[in-house]
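1. Give the three-dimensional model of this entry:
(one chain, ligands or ions: 1)
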Amino acid sequence: MAASKMAMMASLTRCRPLTCAASAAASYPARLVPHPPDLIKWVRREGGFVHEAVEISQDGPNGLGLVASQGIPYGSELIVLPNHIPLKFLSDDSDGADSVLVNLARQVPEELWAMKLGLRLLQERANVESFWWPYISNLPETYSVPIFFSGEDIKNLQYAPILHQVNKRCRFLLNFEKSVKHVLENLKPKDHPFGGQDIDASSLGWAMTAVSSRAFRLHGEKLPNGIRIDVPMMLPLIDMCNHSFNPNARIVQEHDAGNTNMLIKVVAKNSIKKNEFFQLNYGCLSNDLFLLDYGFVIPLNPYDCIELKYDGALLDAASVATGISLPNFSSPAPWQQQILSQLNLDGEAPNLKVRLGGPELVEGRLLAALRVLFASDAETVQKHDINSLTSLSAEAPLGIANEVAALRTIGAICLIALEHFPTKVMEDESLLKRGVSASTELAIQFRVLKKSVIMDVMSDVGRRVKLLLSKEEVTNQS
Ligand SMILES: C[S@@+](CC[C@H](N)C(=O)[O-])C[C@H]1O[C@@H](n2cnc3c(N)ncnc32)[C@H](O)[C@@H]1O
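-> Predicted structure coming up:
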């Protein structure tokens with residue numbers, strides 16, 4: 001009944017309905033319409049180029065992807081999009097319905113930039129005559145990002161920094177829904193950017209996620225002052241490529257022969273075998289960002305890390321756990337405090353977020369702070385510059401005993417962080433084996449990977465401590 005009313009309203013107002021399903025239950029989300037137009041043919045018809053061996057196909061659990069139907073040599077152009085195909089936001093001097101959109105976009109905080117372009121996507125999705133309909137109709141109907149999780153599955157993530165981000169996004173969508181409704185309330189039909197349709201938090205969430213999971217930030221048009229700024233844009237067909245940290249394709253931007261049109265190309269980075277999927281690198285991101293923006297997590301992600309709040313209480317608890325008591329943790333000496341300020345861990349507006357894991361393994365600021373707090377005299381420390389104090393590869397700059405104490409404290413911090421999770425990895429694994437819904441599985445996988453980041457850091461610092469102690473033994477014997 002409700003659906004038929006919606007369809008009738010859409011045909012009366014010459015717009016397409018913006019309703020969407022609340023959550024992605026299956027691993028293969030359906031497209032906006034059951035049989036969308038052929039995207040490859042559309043790109044070619046619009047003057048773009050698509051290599052004859054490029055096909056759209058199911059890429060296992062990654063959804064649809066682009067696959068090579070025959071071998072392709074290194075350096076080949078796979079897709080070329082002329083300037084009018086990417087979907088971008090509007091210019092600030094737009095008028096009518098577009099100016100309403102520009103004004104709404106001004107209410108979107110910079111960090112949620114995807115919502116801004118999402119408004120434009122919703123506008124085109126609502127418009128029956130949209131140039132981009134062949135593209136939009138091929139977009140997934142639902143997304144597996146946590147803003148669409150049930151409250152229980154949000155809790156299942158078990159990791160405070162991501163819970164904070166999910167809550168922030170949900171709160172923003174609910175508040176933005178109110179602002180959008182208020183702005184649209186008394187608009188004349190010709191000024192309504194969504195063809196007279198109601199917008200709610202769910203359609204806003206769909207649009208924000210369609211953009212965050214598919215848009216690329218590329219050079220935009222040249223400004224009058226000659227500068228090019230990066231602008232987010234949706235790249236039809238190119239955004240069918242799935243992610244890999246070891247991609248076989250890359251995006252390049254080039255001017256056409258007449259130097260009038262900026263072309264966006266996908267080029268083979270390697271030679272590509274028949275049946276191989278084309279993959280792009282979405283960025284060196286943590287699993288938090290992959291989950292929040294794209295709705296998936298990556299096992300063995302070298303960029304995954306955990307975030308902790310550096311404070312005296314954490315360090316005191318860690319020192320109790322290691323048995324290395326040090327009163328200076330909560331009340332450092334003035335010279336130590338000075339270095340902590342230099343590290344931005346003390347002072348007027350300190351940044352107390354520190355990371356473990358990722359390529360750095362231990363954030364340099366945390367390592368330097370511990371090395372300095374365990375040092376007994378200012379003179380030894382002052383012989384070293386901040387770069388060597390923050391570097392894990394600088395071997396024990398303040399001596400072996402100092403390094404062992406700092407590393408053991410990091411091990412203890414890891415243990416405390418691990419104990420903050422309400423479940424153990426073994427319990428998570430048995431839940432996964434029992435079979436759970438797709439979103440519960442994703443939430444559990446996320447927390448398992450966070451725990452494995454912590455365990456990896458623990459075993460790495462443990463190895464370093466052993467090595468240092470064995471070196472010390474050799475030195476003492478000789
Ligand atoms: C830019 S789109 C790629 C095309 C998409 N697979 C589709 O069906 O339309 C990005 C989305 O693809 C999926 N994806 C891409 N790379 C993935 C990967 N390495 N693992 C799991 N899912 C992936 C995620 O759903 C992500 O949000």
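2. okay, the closest residue to D38 other than its chain neighbours: pLDDT?
-> With sequence-adjacent residues excluded and distances taken as C-beta to C-beta, 6 or more residues apart in numbering, D38 is closest to P134, at 7.9 Å. Where C-beta positions appear, they are placed from N, C-alpha and C, glycine not excepted. pLDDT recorded at P134 is 98.
3. In a helix, P134, correct?
-> Yes. Assignment of P134 by DSSP: H, G, I helix; E, B strand; the rest coil places it within a helix.
4. is it true that it touches P36?
-> Yes. Using C-beta atoms under 8 Å, P134 is in contact with P36, at 7.2 Å.
5. And the strands in the stretch 201-350 of the chain?
-> 216-222, 228-233, 242-243, 249-255, 262-268, 279-280, 305-309 (DSSP state E, counting those that start in this stretch).
6. Next, count neighbours for the residue in the stretch 51-200 of the chain that the ligand sits nearest to.
-> Nearest residue of the stretch 51-200 of the chain to the ligand, counting by C-beta to the nearest ligand atom: G63, 2.8 Å away. Counted by other C-beta atoms under 10 Å, the residues lying close to G63 total 17.
7. Would you confirm that it contacts P29?
-> Yes. Assessed by C-beta under 8 Å, G63 is found in contact with P29 at 6.9 Å.
8. that older thread, tell me how far the residue nearest to D38 lies from H255.
-> From P134 over to H255 the distance is 26 Å, taken as C-beta to C-beta, to the nearest Å.
9. And for E46?
-> 19 Å.
10. quick one, which of those two is more surrounded?
-> Shown here are E46 and H255; by other C-beta under 10 Å, E46 has more neighbours (15 against 11).
11. Give me the spatial nearest neighbour of that one, chain neighbours excluded.
-> Leaving aside its sequence neighbours, E46 sits nearest to I85 (C-beta to C-beta, 6+ apart; 5.8 Å).
12. burial count for the one you found?
-> Neighbours of I85 (other C-beta under 10 Å): 23.
13. now P140
-> For P140, using other C-beta under 10 Å, the count is 21.
14. And the closest residue to it other than its chain neighbours, how far from I410?
-> The shortest distance from P140 to any non-neighbouring residue, by C-beta to C-beta, 6+ apart, is to P29 (4.1 Å). To I410, P29 is 41 Å away according to C-beta to C-beta.
15. Which one's more surrounded, these two?
-> Each of P29 and I410 has its neighbours counted (other C-beta under 10 Å); I410 has more, 26 against 20.
16. Could you pull up phi and psi at that one?
-> phi -60, psi -40 (degrees, to the nearest 10).
17. who's in contact with it?
-> Counting by C-beta atoms under 8 Å, 6 or more residues apart in numbering, I410 touches 318, 356, 362, 366-367, 370, 457, 461.
18. Export those as CSV, with columns for pLDDT.
-> Formatted as CSV, these follow (pLDDT from 0 to 100):
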residue, pLDDT
A318, 89
L356, 98
V362, 97
L366, 97
L367, 97
L370, 94
V457, 98
V461, 97
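19. Just the ones in helices from those, please.
-> Per DSSP state H, helices hold the following members of the contacts of I410: 318, 366-367, 370, 457, 461.
20. which residue is nearest the centroid of the chain?
-> L289 (2.4 Å; C-alpha atoms, centre = their mean).
21. Just want the residue of the stretch 351-478 of the chain that's nearest the ligand.
-> L442 (10.1 Å).
22. and I298, what is it in contact with?
-> 245, 287, 290, 304, 449.
23. go again using 7 Å as the cut-off
-> Neighbouring residues of I298 by C-beta atoms under 7 Å, 6 or more residues apart in numbering: 287, 290.
24. Quick check: it vs N138, distance?
-> 25 Å.
25. what's the answer for N344, then?
-> To N138, N344 is 46 Å away according to C-beta to C-beta.
26. more crowded one of those two?
-> Shown here are N344 and N138; by other C-beta under 10 Å, N138 has more neighbours (21 against 14).
27. three-state assignment of that one?
-> coil.
28. you'd agree it is up against P36?
-> Yes. Using C-beta atoms under 7 Å, N138 is in contact with P36, at 4.4 Å.
29. Go through stretch 174-190 and flag the buried ones.
-> 176-177, 180, 183-184 (16 or more other C-beta atoms under 10 Å).
30. Please apply the same query to stretch 132-152.
-> The neighbour-count criterion (16+ other C-beta under 10 Å) identifies 132-140, 142-149 as the buried residues of stretch 132-152.
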